[in-house]
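Asker: sequence? don't have it. structure:
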């Protein structure tokens, strides 16, 4: 286990292609976690510019951009929903990321969770392996919340100004 990390607000830029228009494919993100909201918002144009080299023009045109906000750190408290990423050991179900309002929104947050997870290897069982699979793990009385390190706060739509 690494040293404890005091919970704090973190921000992440994410481009979400409209899969109904362009088919399936990955979200557009650059694994960068910000601890200052103004810096995250200011980075939208550079994220967009990088995305121009990674995505087809059709995908880029069908992409909506968001700044995601979460609390990350040891012992955070979920504030919204009852859906979590969990793992189990010795008959204990441990919540490590969540407080999502719906199970289907969990996958939208995976790039942010993985980027934050890379910062502190003690947050995931066995280190950073990105082996989490989004499941509809609803909060139960027996779910242990003591290892929760990621709690979503909000998703704000933003608009790149770069051409």
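Answerer: Okay, I see it. Every value quoted in this text rests on a predicted model; they were computed, and no experiment measured them.

Asker: where do the strands sit along this protein?
Answerer: Taking DSSP state E, the strands of the chain run over residues 8-17, 28-34, 63-72, 83-89, 92-100, 137-138, 150-158.

Asker: lowest mean pLDDT across the ones you listed, which one is that?
Answerer: Lowest mean pLDDT within the strands of the chain: strand 137-138, at a mean of 78.

Asker: how far does that one sit from its chain's centre?
Answerer: Mean C-alpha position of strand 137-138 versus that of the full chain (CA atoms, centre = their mean, to the nearest Å) differs by 17 Å.

Asker: which ones are touching residue 7?
Answerer: 71, 72, 73, 74, 75, 76 (CB atoms under 8 Å, 6 or more residues apart in numbering). C-beta: built from backbone N, CA, C; applies to glycine.

Asker: what's the neighbour count on residue 90?
Answerer: 4 (other CB atoms under 10 Å).

Asker: likewise for residue 144?
Answerer: 14.

Asker: how about it, what does it touch?
Answerer: 92, 93, 94, 95.

Asker: still on that earlier bit, can you tell me which of the contacts of residue 7 are buried?
Answerer: Buried members of the contacts of residue 7, counted by 16 or more other CB atoms under 10 Å: 71, 72, 73, 74, 76.

Asker: shouldn't the fourth one be in contact with residue 146?
Answerer: Pointing back at residue 74 there. No: in terms of CB atoms under 8 Å, residue 74 does not count as a neighbour of residue 146; the distance is 9.2 Å.

Asker: show me what counts as buried in the longest helix along the chain.
Answerer: The residue-count maximum for a helix in the chain (DSSP state H) belongs to helix 44-54. If you call a residue buried by 16+ other CB under 10 Å, then helix 44-54 has these buried ones: 44, 47, 48, 51.

Asker: likewise stretch 84-100?
Answerer: Result for stretch 84-100 [16+ other CB under 10 Å]: buried residues 84, 85, 86, 87, 94, 95, 96, 97, 98, 99, 100.
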